[in-house]
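Trainee: I'll drop the sequence and a predicted model, then ask my questions.
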Amino acid sequence: MTPILELENISKSFPGVKALDNVHFSMEAGEVHALLGENGAGKSTLIKIISGVHKPDTGVIRWEGQPTVFNNPREAQARGVATIYQELSLYPELTVAENIFMGHAPKRSLGPLKVIDWNAINTRALELLHSLNIHDMDVSRKVGTLNVGNRQRVEIAKALSINARVLIMDEPTAALTEADVERLFGIVRILKQRGVAIIYISHRLQEVFELADRVTVLRDGQYVNTKPVSETTEPELVSMMVGRTIDNLFPKLTSNPGKTVLEVRNLNRGSTTRNVSFTVRAGEIVGMAGLVGSGRSETAQVIFGIAPADSGEILVDGQRVNIKSAGQAVKLGLAYVPEDRGTQGLIKQMNIRENASLAVLKALSRASFINFNGERKLATDAIQQMSIRAYSAEQVVNKLSGGNQQKVVISKWLASKPKLLIMDEPTRGIDVGAKSEIHRLMSELAVQQGLAVLMISSELPEVLGMSDRVLVMREGRIAAEFTREEATQERVVTAMMSEAVKVE
Ligand SMILES: Nc1ncnc2c1ncn2[C@@H]1O[C@H](COP(=O)(O)OP(=O)(O)OP(=O)(O)O)[C@@H](O)[C@H]1O
Ligand SMILES: [Mg+2]
């Protein structure tokens, strides 16, 4: 059978980096083909070549056996290449239906004019969603009011509103809850049955085994191998990706917690933070589990001074504090790694050196000038410690791969030498090698330097693997608390889910 799509000897360079070097790739109809590799390996670049965003420097793309050139995304779309990028691209102010048909809305004649047919848009959007087995979405609702899982379903419907033959998904599950992941897999299986070829990028290996037929691994822009999933194993894939084996994803050291660094008493804000009380001690990692929307990030933002509390007390080192801004929180020794690296964590037009030192500028600068050498040392240390893939500390952050941007955010906050570090989904979108490094660093900072860590995570193995204590939030409240010994997967999940299990 001729593959739908074939890439041969594809190379692509950006200033200072060869992102792809002689890469091969092929897709058959009805196949789920996983694309794996470390952060910066070239995955997003490869799919941007398939979707017409980048043109390869050398190499051939064949579409149903015929050499083809995609000059821009529209030409790729016209052939049936639909793409869901790493960063979602919906308009929050428009409705579900408007987003789905953005740019190719059905039109009707009004005298000599062609006008957008609003009724048709809503009906067609509903049909499309139904064909994906999505029956619980209001198509006239503004996308900005939807949760992440639903926004992604809209994104998929939008991608499929053209007649897709190849669907590309770049880390679709990075921001999803387990329930949403299951629904996504259901949609992928429907598409597969229809003969759509799916390219699936993920850093979660178990998903590859659950979903994919074949897997291709890239390393440092080079093609490593393509294998049927049934003929490979997780350790083999890891060593293909990183060139070595990783024995421990959760290198947790035994901790000996000291005095209480953070105490929160009866904290309230709206419906997302309700009577929240807990402590975090020096040297202790407290994991915070919960469904998306349970109020974990919102509570962290109240503590960090981003959103003011309605009532309640926050104590740092036993002293009552009144934190009104993130700047005040930093002065008190708090640091916060936000979950959304794109908008909250980085100034994307600045380079790594400038970003890495943002939180510590005060300590580095004497009088009014900034200590350039200090800044540079910070950045080069971070690049080494976290193996950030960049040609130098001067590289502008928005030219880094998604996972490498996340590493810059983390190193920025570690550099501020906080007493208390709040990490929100610290390893989302991070490759296995770097994930184990970040966990090791977190545990070392806690045990050796007495750092208090509050870690919000939707990945249960991470919560169970790294936490000394586990808090579970549900509907804005602390629903349960477990010691490391008590915290089993079953107990934590039960506490996350019980009572109202809501769709939205
Ligand atoms: N527009 C660009 N300009 C300059 N360099 C770029 C650009 N896009 C990507 N790169 C570089 O190309 C390399 C590959 O990046 P790519 O985004 O393809 O990685 P990735 O495999 O998708 O990683 P991740 O898992 O972190 O998303 C990286 O070194 C990145 O910095
Ligand atoms: Mg990427």
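Mentor: Good, I have the coordinates. Ligands and ions are numbered 1, 2, ... in the order given.
Trainee: could you list the low-pLDDT ranges of this protein?
Mentor: 86-88, 175, 177, 340-345, 358-371, 499-504 (pLDDT under 70).
Trainee: what number of residues lie near the closest residue to residue 71 other than its chain neighbours?
Mentor: Spatially, and ignoring its direct neighbours in sequence, residue 71 is nearest to residue 52 (6.8 Å; C-beta to C-beta, 6 or more residues apart in numbering). The C-beta positions use only the backbone N, C-alpha and C, and glycine is treated the same way. Per other C-beta atoms under 10 Å, the neighbour tally for residue 52 reads 21.
Trainee: over to the one 5 residues further on?
Mentor: Here the number of neighbours of residue 57 (other C-beta under 10 Å) works out to 12.
Trainee: setting the sequence-adjacent residues aside, check what's closest to it.
Mentor: That would be residue 11: by C-beta to C-beta, 6+ apart, it lies 5.1 Å from residue 57.
Trainee: for the one you found, what is the enclosing helix or strand?
Mentor: strand 5-14 (DSSP states H and E).
Trainee: toward the C-terminus, what is the element adjacent to that strand?
Mentor: strand 17-27.
Trainee: neighbouring strands for the next helix or strand after that next one, and are they parallel or not?
Mentor: Next in sequence after strand 17-27, counting helices and strands by DSSP H and E, comes strand 32-36. Within its sheet, and counting by DSSP bridges, strand 32-36 is paired with strand 197-201 (parallel), strand 214-219 (parallel).
Trainee: could you dump the ones you listed into JSON lines with mean neighbour count added?
Mentor: Formatted as JSON lines, the strands paired with strand 32-36 follow (neighbours: other C-beta atoms under 10 Å):
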{"stretch": "strand 197-201", "mean neighbour count": "24"}
{"stretch": "strand 214-219", "mean neighbour count": "22"}
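Trainee: how much space is there between the closest residue to ligand 2 within the stretch 101-250 of the chain and residue 159?
Mentor: Relative to ligand 2, the nearest point of the stretch 101-250 of the chain is residue 170 (5.9 Å; C-beta to the ion). Counting by C-beta to C-beta, to the nearest Å, the gap from residue 170 to residue 159 is 11 Å.
Trainee: common neighbours of those two, please.
Mentor: Residues touching both residue 170 and residue 159 (C-beta atoms under 8 Å, 6 or more residues apart in numbering): 83, 84.
Trainee: residues of the stretch 251-400 of the chain that sit close to ligand 1?
Mentor: When proximity is defined as C-beta under 6 Å from any ligand atom, the stretch 251-400 of the chain approaches ligand 1 at 389, 399, 400.
Trainee: wait, which of those residues is closest to ligand 2?
Mentor: residue 400 (9.7 Å).
Trainee: tell me how many other residues surround the residue lying closest to the closest one once chain neighbours are set aside.
Mentor: Spatially, and ignoring its direct neighbours in sequence, residue 400 is nearest to residue 390 (6.0 Å; C-beta to C-beta, 6+ apart). Around residue 390 there are 22 other residues, counting by other C-beta under 10 Å.
Trainee: wait, residue 390 sits on residue 356?
Mentor: No. Between residue 390 and residue 356 there is no contact under C-beta atoms under 8 Å: 10.9 Å.
Trainee: got the domain ranges for the chain?
Mentor: 5-242, 246-333+418-504, 348-408 (automatic domain parsing).
Trainee: now those in TSV, with distance to residue 339?
Mentor: As requested, the domains of the chain are exported to TSV (distance: least, C-beta to C-beta, whole Å):
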stretch	distance to residue 339
domain 5-242	8
domain 246-333+418-504	4
domain 348-408	10
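Trainee: ok, back up a step: the residue nearest to residue 57: how many residues sit nearby?
Mentor: So residue 11, with other C-beta under 10 Å, has 16 neighbours.
Trainee: was I right to think it contacts residue 21?
Mentor: Yes. Taking C-beta under 8 Å as the definition, residue 11 is a contact partner of residue 21 at 5.5 Å.
Trainee: the closest residue in space to residue 98 that isn't next to it in sequence: what's it in contact with?
Mentor: Among residues not flanking residue 98 along the chain, residue 121 sits closest, at 6.8 Å (C-beta to C-beta, 6+ apart). Residue 121 makes contact with 97, 98, 100, 101, 105, 106 under the criterion C-beta under 8 Å, 6+ apart.
Trainee: now which of the residues you listed would you call buried?
Mentor: 97, 98, 100, 101, 105 (16 or more other C-beta atoms under 10 Å).
Trainee: ok, so of the residues you listed, who is nearest residue 247?
Mentor: residue 100 (45.6 Å; C-beta to C-beta).
Trainee: OK, contacts around that closest one?
Mentor: Neighbouring residues of residue 100 by C-beta under 8 Å, 6+ apart: 121, 125, 128, 139, 154, 157, 158, 161.
Trainee: farthest pair within these?
Mentor: Applying C-beta to C-beta across the contacts of residue 100, the maximum distance is between 121 and 154, 13.2 Å.
Trainee: what parts of the chain come near ligand 1?
Mentor: So the chain meets ligand 1 at 14, 17, 19, 37, 39-45, 86, 389, 399-404 (C-beta under 6 Å from any ligand atom).
Trainee: apply 8 Å and report the result again.
Mentor: With C-beta under 8 Å from any ligand atom as the criterion, the chain meets ligand 1 at residues 14-17, 19-20, 37-46, 48, 54, 86, 170-171, 201, 203, 218, 221, 389-391, 395, 399-406, 429-431.
Trainee: just the buried subset of those, please.
Mentor: Buried among these (16+ other C-beta under 10 Å): 17, 19-20, 37-46, 48, 54, 86, 170-171, 201, 203, 218, 221, 389-390, 395, 399-406, 429-431.
Trainee: so which of the residues you listed sit within helices?
Mentor: 43, 44, 45, 46, 48, 402, 403, 404, 405, 406 (DSSP state H).
Trainee: out of the residues you listed, who's near ligand 2?
Mentor: 44, 402 (C-beta under 5 Å from the ion).
Trainee: and the strands paired with strand 32-36 as TSV, adding distance to residue 376?
Mentor: Listed next are these as TSV, based on distance: least, C-beta to C-beta, whole Å:
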stretch	distance to residue 376
strand 197-201	33
strand 214-219	28
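Trainee: distance to ligand 2 added to the ones you listed, as JSON lines?
Mentor: Shown next, in JSON lines, are these (distance: least, C-beta to the ion, whole Å):
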{"stretch": "strand 197-201", "distance to ligand 2": "7"}
{"stretch": "strand 214-219", "distance to ligand 2": "11"}
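Trainee: residue 248 is nearest to which of those?
Mentor: strand 214-219 (21.1 Å).
Trainee: and that closest one, how far out from the chain middle?
Mentor: Averaged C-alpha coordinates place strand 214-219 at 20 Å from its chain's average position (C-alpha atoms, centre = their mean, to the nearest Å).
Trainee: relative to strand 17-27, how tilted is it?
Mentor: Counting by axes from the mean of the first three to the mean of the last three C-alpha atoms, to 10 degrees, strand 214-219 points 170 degrees away from the direction of strand 17-27.
Trainee: now do the contacts for residue 182.
Mentor: Residues counted as contacts of residue 182 (C-beta under 8 Å, 6+ apart): none.
Trainee: from the chain's centre, how far out does the one helix or strand residue 490 maps to sit?
Mentor: Element membership for residue 490, per DSSP H and E: helix 489-497. On the basis of C-alpha atoms, centre = their mean, helix 489-497 is displaced by 23 Å from the centre of the chain it belongs to.
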